[in-house]
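A.B. asks: Return a 3D structure for these sequence lines:
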Amino acid sequence: MDDRVAGALSLPDDWPAHPDLSLALNRMGSFDWDLGTGLMHMDQAALDVFDLTPEEYDGRPASLAHRVPTDEAQRLDGMVSQALKSGLINYGAYFRIQRRDGTLRWTHTQGFVHRDGTGRPRRIIGIVRDATQELADSSARQELDLERRRRTSLVEGTTAALAHARTVKDVIAVLKNSQGLAHLGATSLVMGLLESGRIHLVADGPEGAYVPGTRFTRVDEQYPMSEVVRTLAPRFIESAEDFATSYPVLWPNISHLGITAAAYMPLIAQARPIGALGLLYRDKAGFTPDERNLLMALGTSIAQSLQRAMLYEQEHDLAEGLQQAMLPRRIPAVPGAQVAVRYRSARLGRDIGGDWYDLIPLPGGRVGAVIGDVQGHDTHAAAVMGQLRIVLRAYAAEGHSPATVMARASVFLHELDTDRFATCTYAEVDLTTGVVQVVRAGHVDPLVRDVDGGCRRLPAEGGLPLGLSAEFGRLEYPVSTAELDPGQTMILFTDGLVELPGSDLDEGMQLLTTLVSNGPQNLQKLADELCDAVDVRGGQDDVALLLLRRRAAQAPQPGGRLRQHVAQNDPEALSSARHMIRAAVRAWGAKERADEIELAADELTTNALMHTDGGAVVTIRVMAGSERRLRVDVEDRSSALPRRRDAGAEGVSGRGLMLVDRLADVWGVESRGSGKCVWCEFLIPERA
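C.D. replies: You can find the predicted model right below:
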């Protein structure tokens, strides 16, 4: 069988080739190094690798030194020594040699260490070869792999950057500013979004690239973006001639840009087109398969980001419209006060929440200032907020005291049968007297900024949040009374203004106090700076802010009044009522009768608390008429009328009405449907 095969084939005479010929043809030479004598035999092919003639080589390795750079020789000697000492039988290394013309060439050597019976090395037999082409091919492969990894990294990096883009403008900014175009070699990009059967151009490439009349184009027109939207397939334009032939309407308008190639990708999300992306190139001819795959992957990532951005913008517009509808459309002008309000939406979620502000004009030169926060950051919270704001405004406009307004609002929220509660602060300010009655339902304390810029808290005893107080039957809301001098500013805000990541509320309040103290005098600018500070520190909660500054004192309006509820066994409320009366009398120009008025009001209030069940409501006001009169009303829920009686020499009671009769110019009792009202009036001089 072997004879038949051999006879059938015609083989050359020199087959098989001698090993020396195989080595020479592959630019490889051999050497035999005797370690005992130090002599190294090198054949002609090996000498050719070192660019040496037989006359230049004396059989010793030292004669090769002028061909091997010093650092390479040291590295090679160290490697051989290590192989001999460690017992290895093979070694290999790449090193450079310096040729006759001074250039460097990569060379590879591989040796076999022959040892005797004791393991002692005796000879090294090996080869040397020219490795220039091998390393060049390897370097090319490495560069190709590096380029592929770079392109893959480009897509991953662009995708990661797009993940943070919230709007269409953000997506375009990422594509233009992430250096992605430069890495891809593109000169510029164009992008269009599909809107009602037309393509809206939202990014139009470099300056001078916009073509008039292409801001909106139909899908059936002869434009590259229209084509890829129709076909749902990418379009790669590989030459200027291809561009001019395929799109004769567009090309004359952009031929001056020097575009030689372009790639247009449809932007497809959830199996439907939402737009198209075009990348324009200069000095490029054609696209490799890898480039095409890369661009299509990039188009898919961009499409997903664009769809997310468009959905976000739709939700944002809806949320913003709903929020604005729930907040007051305008803040009324209030004589005697300057007002600034702000609402800053949350930076997470749906940009909508339950924070609100309101300003309620009241009779007699008074105004109600409200700040509140319904639990949650969604449309439900906004809906509850809108209802609660309207109800609280209605209760205040009906003339109820601040404590009653808050209690009724809590009952309303509880009866809504919602799982939300709300914190709130209601401040009723008499701009004539400067008296402020504050009721707080689980909310943060207001701040007061003085004329000189100093800022401090306005402490107010608080009750439970709205909704919870009704649920637990604790509807008592204490009223704290303070005075707001002309030029002073009261600052109401929600907790989003003072929340600091990783810090407690006290630190946020200290920072806010510092910002207010150092802020501008202008109320609108101060409000802007406070909201900007939240953006700088990355606050994630929504913020409502109301600033109210009292102007110069004005004369009291007839019918103006201040009211305070005083509960039984509540000395703080009684003290607050005295404070209110003292401030009002002083502000209304009746300082010389302040002691008389305060004492009479105190006697009437004490009688109501001692001889009736329940609390009393104290009201002080300036009456209209030919004479200026100040009237104090004390209402209670008892129908039993008081009577004046003689206390006797040793009596400890019975002198209250006697004092009122002596101090007041006139006093009396009026029956009411739910009780009675004991009143007294004082003549006060006209103001200068």
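A.B. asks: Specify the next element, helix or strand, located C-terminal of the longest helix along the chain.
C.D. replies: Longest helix of the chain, by residue count under DSSP state H: helix 289-326. Remark: after helix 289-326, the chain's next helix or strand is strand 337-344, criterion DSSP states H and E.
A.B. asks: what's the neighbour count on residue 290?
C.D. replies: When counting by other C-beta atoms under 10 Å, one arrives at 13 neighbours for residue 290. Using the backbone N, CA and C atoms, a C-beta is placed for each residue, glycine as well.
A.B. asks: picking up where we left off before, centre of the chain versus the longest helix of the chain, how much separation?
C.D. replies: Distance of helix 289-326 from the chain centroid (C-alpha atoms, centre = their mean, to the nearest Å) equals 17 Å.
A.B. asks: Equivalent analysis for stretch 262-277, please.
C.D. replies: Distance, centroid of stretch 262-277 to centroid of chain: 29 Å (C-alpha atoms, centre = their mean).
A.B. asks: contact partners of that stretch?
C.D. replies: Stretch 262-277 is contacted from outside by 189-194, 199, 224-229, 231-237, 243, 278-281, 287, 292, 295-296, 298-300, 302-304, 306-307, 310, using C-beta atoms under 8 Å, 6 or more residues apart in numbering.
A.B. asks: same thing with stretch 115-122?
C.D. replies: Stretch 115-122 is contacted from outside by 34, 35, 36, 84, 87, 89, 113, 114, using C-beta under 8 Å, 6+ apart.
A.B. asks: For the stretch 301-450 of the chain, give me the ranges with low pLDDT.
C.D. replies: Scanning the stretch 301-450 of the chain for pLDDT under 70 picks out the ranges 316-326, 346-352, 364.
A.B. asks: What's the biggest strand in this protein, counting residues?
C.D. replies: The single longest strand within the chain, with elements called by DSSP state E, is strand 104-115.
A.B. asks: Sheet partners, orientation included, of that one?
C.D. replies: strand 90-98 (antiparallel), strand 121-130 (antiparallel) (DSSP bridges).
A.B. asks: For the contacts of stretch 115-122, work out which two are farthest apart.
C.D. replies: The span of the contacts of stretch 115-122, defined through C-beta to C-beta, is set by 34 and 87 at 19.5 Å.
A.B. asks: what about the two, which has more around it?
C.D. replies: residue 34 (15 against 10).
A.B. asks: What is the burial count for the residue nearest to that one when sequence neighbours are not counted?
C.D. replies: Distance criterion C-beta to C-beta, 6 or more residues apart in numbering; nearest residue to residue 34, sequence neighbours excluded, is residue 123 at 5.6 Å. Neighbourhood size, residue 123 [other C-beta under 10 Å]: 17.
A.B. asks: And the strands in the stretch 301-450 of the chain?
C.D. replies: 337-344, 354-362, 366-374, 422-430, 435-441, 447-449 (DSSP state E, counting those that start in this stretch).
A.B. asks: Mind checking these for the one nearest to residue 597?
C.D. replies: Residue 597 lies closest, by C-beta to C-beta, to one member of the strands of the stretch 301-450 of the chain: strand 435-441, at 14.3 Å.
A.B. asks: And the closest one, what's buried?
C.D. replies: For strand 435-441, burial by neighbour count (16 or more other C-beta atoms under 10 Å) applies to 435, 436, 437, 438, 439, 440, 441.
A.B. asks: just stretch 88-102 next, same as before
C.D. replies: For stretch 88-102, a neighbour-count test (16+ other C-beta under 10 Å) marks 91, 93, 95, 96, 97, 98 as buried.
A.B. asks: Closest to residue 339 out of the residues you listed?
C.D. replies: residue 96 (81.8 Å).
A.B. asks: what's the nearest residue to the closest one if we skip its chain neighbours?
C.D. replies: residue 104 (4.7 Å).
A.B. asks: Which residues does that neighbour form beta bridges with?
C.D. replies: The partner residues for residue 104, given DSSP bridges, come to residue 98.
A.B. asks: That one against residue 71, yeah?
C.D. replies: No - the pair formed by residue 104 and residue 71 falls short of the contact definition of C-beta atoms under 8 Å, at 11.7 Å.
A.B. asks: measure the closest residue to residue 614 other than its chain neighbours to residue 602 for me?
C.D. replies: Of all residues not flanking residue 614 in the chain, residue 637 sits nearest, at 4.8 Å (C-beta to C-beta, 6+ apart). Counting by C-beta to C-beta, to the nearest Å, the gap from residue 637 to residue 602 is 20 Å.
A.B. asks: Neighbour count: the two, which is higher?
C.D. replies: The neighbour count for residue 637 versus residue 602, taken as other C-beta under 10 Å, is higher for residue 602 (20 against 15).
A.B. asks: Thought residue 74 was touching residue 68, still the case?
C.D. replies: No - using C-beta under 8 Å, residue 68 is not in contact with residue 74, being 9.5 Å away.
A.B. asks: quick one: which of the two has more around it?
C.D. replies: Each of residue 68 and residue 74 has its neighbours counted (other C-beta under 10 Å); residue 68 has more, 20 against 11.
A.B. asks: Let me see the ranges of the strands in the stretch 451-600 of the chain.
C.D. replies: Going by DSSP E, counting those that start in this stretch, the stretch 451-600 of the chain shows strands at 455-457, 462-463, 480-483, 489-493, 543-550, 561-566.
A.B. asks: Can I get these in CSV including mean pLDDT and distance to residue 410?
C.D. replies: Below are these laid out as CSV (pLDDT from 0 to 100; distance: least, C-beta to C-beta, whole Å):
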stretch, mean pLDDT, distance to residue 410
strand 455-457, 92, 24
strand 462-463, 88, 8
strand 480-483, 84, 18
strand 489-493, 95, 19
strand 543-550, 92, 19
strand 561-566, 77, 15
